[in-house]
Structures are given as structure tokens and as C-alpha cells.
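**Q** What would the 3D arrangement of this be:
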Amino acid sequence: AAATEESSAAEPTSAATAADRIRSTRSGARNDGNKNLLTHLIRAVDEDPYDGGSSDEVLTDVLMTLLFAGYDTTSVNLSYSVYLLSQHKEEREICLAEIDAVMDDAGRRADGRCHDEDGPVL
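**A** I've put the predicted structure just below:
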């Protein structure tokens, strides 16, 4: 049990990882041409500080909300989509026909591509 406690204590939490990223990004946020979300958030919080805590605490909370709200939203939408397909046979058959047209029997794309080469890889 002690080894488990030691290994989990050594692993950074999501909040600690977010805080580290904020600190590493903060130094260049005012001077560089970065247009990423974190840089914009740092600038916004620094310009209008929140009275409830340090700006790094606020930024960590915002990043955690964005991360987990996005994860939860995606999983809920996928679950609900599967549920709806289970309740609507005609739409389910349309989806299955499209999957069959794109995938081979082993679950790989029938055309051999790994992704949609005409679109972005996310």
C-alpha cells in the first residue's frame, strides 16, 4: 500500500499540470504573437483580476472547467446518440449502411486510409 501511495503522490494532477502550463506560458504571454486560448485567457485575467483568488488559481479553474466540460459533453452526446439509434430503427440502418460502406470487416477503412485525407486530422 505504501508503494501505491508514493507512486500516486509523484504523479502530477490535472490541476498541477494546468498550473505548470500557465506558469510556462505566462512569461511570453505579453510579448509574443501567440494567439492560442491560454495566452488570451492569461491576458484577460491579468487585465481584469478576479477578487476571489490569484490569477493563476482562476486560470487553473477555467482550464479545468474547459477540459472536463468538453470531455463530459462529448461522452454524454455519444451515449445519447447510441441510445437514440437504439430507439429509431430506420436511422440506425442508415448509419450502419454508411459504416459498412466506409469500413472493412476488420474495422479498418476500406480504402486503406487512416483518416480523411481531404480534411483536417484532429
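
**Q** tell me what the host helix or strand of Val76 is packed against?
**A** Assigned by DSSP states H and E, Val76 belongs to helix 55-87. Packing contacts for helix 55-87, counted by 3 or more CB pairs under 8 Å, 6 or more residues apart in numbering; DSSP states H and E, involve helix 14-29, helix 37-47, helix 89-102. Bear in mind the C-beta positions are built from the backbone N, C-alpha and C, glycine included.

**Q** and the second one, which residues are buried?
**A** What it means is helix 37-47. Neighbour-count burial for helix 37-47 flags 38-39, 41-42, 45 (criterion: 16 or more other CB atoms under 10 Å).

**Q** Need those residues in JSON lines (columns: pLDDT).
**A** Listed next are those as JSON lines, based on pLDDT from 0 to 100:
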{"residue": "Leu38", "pLDDT": "84"}
{"residue": "Thr39", "pLDDT": "83"}
{"residue": "Leu41", "pLDDT": "84"}
{"residue": "Ile42", "pLDDT": "82"}
{"residue": "Val45", "pLDDT": "79"}
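
**Q** Just put those residues in JSON lines and tack on distance to Ser55.
**A** Conversion of the buried residues of helix 37-47 to JSON lines gives the following (distance: CB to CB, whole Å):
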{"residue": "Leu38", "distance to Ser55": "13"}
{"residue": "Thr39", "distance to Ser55": "14"}
{"residue": "Leu41", "distance to Ser55": "10"}
{"residue": "Ile42", "distance to Ser55": "8"}
{"residue": "Val45", "distance to Ser55": "5"}
